[in-house]
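[1] Fold the stuff below for me.
(3 chains)
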Amino acid sequence: MPSAEPVFLWTATVTLLIGFFYFFAAFRVGNFRQKHGIRAPATSGHPEFDRAYRVQLNTLEQMGIVLPFLWVAAFYPIGWAWLAPLVATVWVVSRIIYLAAYMADPDKRLAGAMLGGVCNLALFIIAAAGVARIWLIPHAM
Amino acid sequence: MPSAEPVFLWTATVTLLIGFFYFFAAFRVGNFRQKHGIRAPATSGHPEFDRAYRVQLNTLEQMGIVLPFLWVAAFYPIGWAWLAPLVATVWVVSRIIYLAAYMADPDKRLAGAMLGGVCNLALFIIAAAGVARIWLIPHAM
Amino acid sequence: MPSAEPVFLWTATVTLLIGFFYFFAAFRVGNFRQKHGIRAPATSGHPEFDRAYRVQLNTLEQMGIVLPFLWVAAFYPIGWAWLAPLVATVWVVSRIIYLAAYMADPDKRLAGAMLGGVCNLALFIIAAAGVARIWLIPHAM
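    Next comes the predicted model:
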C-alpha cells in the first residue's frame, strides 16, 4: 500500500484539512442564505451572502489546482517528500486569511489570495519535479 | 496495488456513479441552454435552465467535499471499510432526490440537501478516523 | 507503489497538464479583473472578463468529470492502459481550442465543447470497463 509511507499520511491529513475548511466555507453560505432569506436558485442578494459564496466558490476553484498537484506529488515525491503537504498546509492558512479579509472587505482579499497563488505555483513545481525525475531516471521509482 | 482490495473497488465503483450522475446533470444544462436559447456567457435566463445549472454547480460544490474524504477513507480505511463507499452511494441517492425536487420547486430542495449534508459529515468522520488511527497506531498500516 | 507502472506515470503527467492549463485559465481571470477594474465579489462586468471567467469555471466543471474517471482508469486499467491518459490529453487540446474560440466569440465554442464532451464519454466508458472487468473476473487484478 502506498498509504504506508509518511508522505501519503501527511498528504491524506492535509487533504482532510482542506476538505474540512471547504466544508465549513460551504456551510456558512447555507446559513447566510437562510439568515438573509435569499431564495434558490439566486446566488446573490445580500453583501454578506455574496461574499461568503464567492469565498466558497473561489476556494473550490483553487482546490482544482491544489488537490491534483498535491496528490501527484504524493505518488511521485521529490527528495523532501514533506514539502508538498507542508505547502498545502500553508495554502489552508492562506484560505483562512482570505476568508476573514474577504468578509470584512473584498478589497482586502489580495494578501490571502497571493499567498495562496504562491502555494499553487510551488505545488506545481514540486509535482512536476517529482514526475520529471521518473521520466528522466525511470529506475528511481 | 491498493486497487486489489475490495474497499478500493467499491470506492472506484461509487466514484463512477458520482461522475456519471454529475455528467448527466451537466449534460442537462447544455440541453436547457439550447432549448431556451440562452447564449453564452450568460448563466441564467429561464427558470428551467437556472435550476438545472444550480443543481449542476451545487453538485460540483458538494463533490469537492465527498471525493477527497471518500478517497482518503479508501487509502486509510476504518474497520468497516465498506462504510465510506456505502455513505457515498447514499449521497448519490440524495443528489437524485435533490435534482428532482429542485427542478419541481427550489424551495423543496432541503430534504435532499440535508441528506447529502449528513453524508458529507459522515464521510469526514470516517476519513478522519481512518487517518487518526494510523497517527495513533502507526504499525496498524 | 502503483506509481511504478507506466499507466500511472502517464496519468500523473496528463494530470499536471490539466492542472497547469486550468491554473493558466484562472490566472487570466485575475488579470482581466484587474485590467477592467471589476471589483469583488462581482463575477461579471466586461465581456472579456465574463468570457474568461466562464472558460475557467466551465473547465473546472469539466474537470469534475475528467479527473475522477481518469484516475479510476489508472487504478483499474483496461488492456490498452495508455488509452485513458491519451484521451485526457486530447481533452486538454479541446480546452485550448475552447478557450481560444470562446474568447473570440462565445458562439464559436461548440467545436471545442463537443470534442471535450466526446473525451468525457470515452473516459467514462474506459473507466467503467476497467472496473467492470474486476467485478466480473476478480483474479484479473
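
[2] only C-alpha atoms for contact and neighbour calcs from this point on.
    OK.

[3] From A:I137, how far out is A:V131?
    Distance of A:V131 to A:I137, given as CA to CA, to the nearest Å: 10 Å.

[4] what about those two, which has more around it?
    A:V131 (23 against 9; other CA atoms under 10 Å in any protein chain shown).

[5] Skipping adjacent residues, who's closest to that one in space?
    In space, A:V131 comes closest to A:Y76 once its chain neighbours are excluded; the distance is 5.8 Å by CA to CA, 6 or more residues apart in numbering or on different chains.

[6] Show me the strands in chain A, by range?
    With DSSP state E, there are no strands along chain A.

[7] Kindly report the residues of it close to chain C.
    Along chain A, the residues adjacent to chain C under the rule CA under 8 Å from any CA of the partner chain are A:1-2, A:50-51, A:54, A:61, A:64-65, A:68-69, A:72, A:75-76, A:106-107, A:124, A:127-128, A:131, A:141.

[8] Per-residue confidence, the residue most central in space within chain A, what does it come out as?
    Chain A has A:M63 as the residue nearest its centroid, 4.4 Å off, counting by CA atoms, centre = their mean. For A:M63, the model assigns a pLDDT of 98.

[9] roughly how far apart are it and B:V118?
    With distances taken as CA to CA, A:M63 is found 22 Å from B:V118.

[10] Equivalent analysis for A:R133, please.
    When CA to CA is the yardstick, A:R133 and B:V118 sit 42 Å from each other.

[11] residue boundaries of the helices in chain A?
    Read by DSSP state H, chain A holds these helices, from start to end of the chain: A:6-35, A:47-75, A:83-104, A:110-136.

[12] looking at those helices, which is buried most?
    helix A:47-75 (a mean of 22; mean count of other CA atoms under 10 Å in any protein chain shown).

[13] Quick check: which helices or strands does it pack against?
    Counting contacts by 3 or more CA pairs under 8 Å, 6 or more residues apart in numbering or on different chains; DSSP states H and E, helix A:47-75 packs against helix A:6-35, helix A:83-104, helix A:110-136, helix B:47-75, helix C:6-35, helix C:47-75.

[14] quick one, which of the ones you listed is nearest to B:L16?
    Shortest distance between B:L16 and those, using CA to CA, is found for helix C:47-75: 6.8 Å.

[15] Run the angle between that closest one and helix B:47-75 for me.
    Between helix C:47-75 and helix B:47-75, the angle comes out at 40 degrees (axes from the mean of the first three to the mean of the last three CA atoms, to 10 degrees).

[16] Helix C:47-75 vs helix C:110-136, what angle?
    Using the same axes, to 10 degrees, helix C:47-75 lies at 20 degrees relative to helix C:110-136.

[17] Can you give the distance of helix C:47-75 from its chain's centre?
    When C-alpha coordinates are averaged (CA atoms, centre = their mean, to the nearest Å), helix C:47-75 and its chain have centres 5 Å apart.

[18] For A:A4, grab the count of nearby residues.
    A:A4: 15 surrounding residues under other CA under 10 Å.

[19] List the contacts of the closest residue to it other than its chain neighbours.
    Once flanking residues are discounted, A:A4 sits nearest to B:M141: 5.9 Å by CA to CA, 6+ apart. For B:M141, the residues meeting the contact criterion (CA atoms under 8 Å, 6 or more residues apart in numbering or on different chains) are A:S3, A:A4, B:I134.

[20] at 10 Å what do you get?
    Residues in contact with B:M141 (CA atoms under 10 Å, 6 or more residues apart in numbering or on different chains) are A:M1, A:S3, A:A4, A:E5, B:F75, B:Y76, B:P77, B:R133, B:I134, B:W135.
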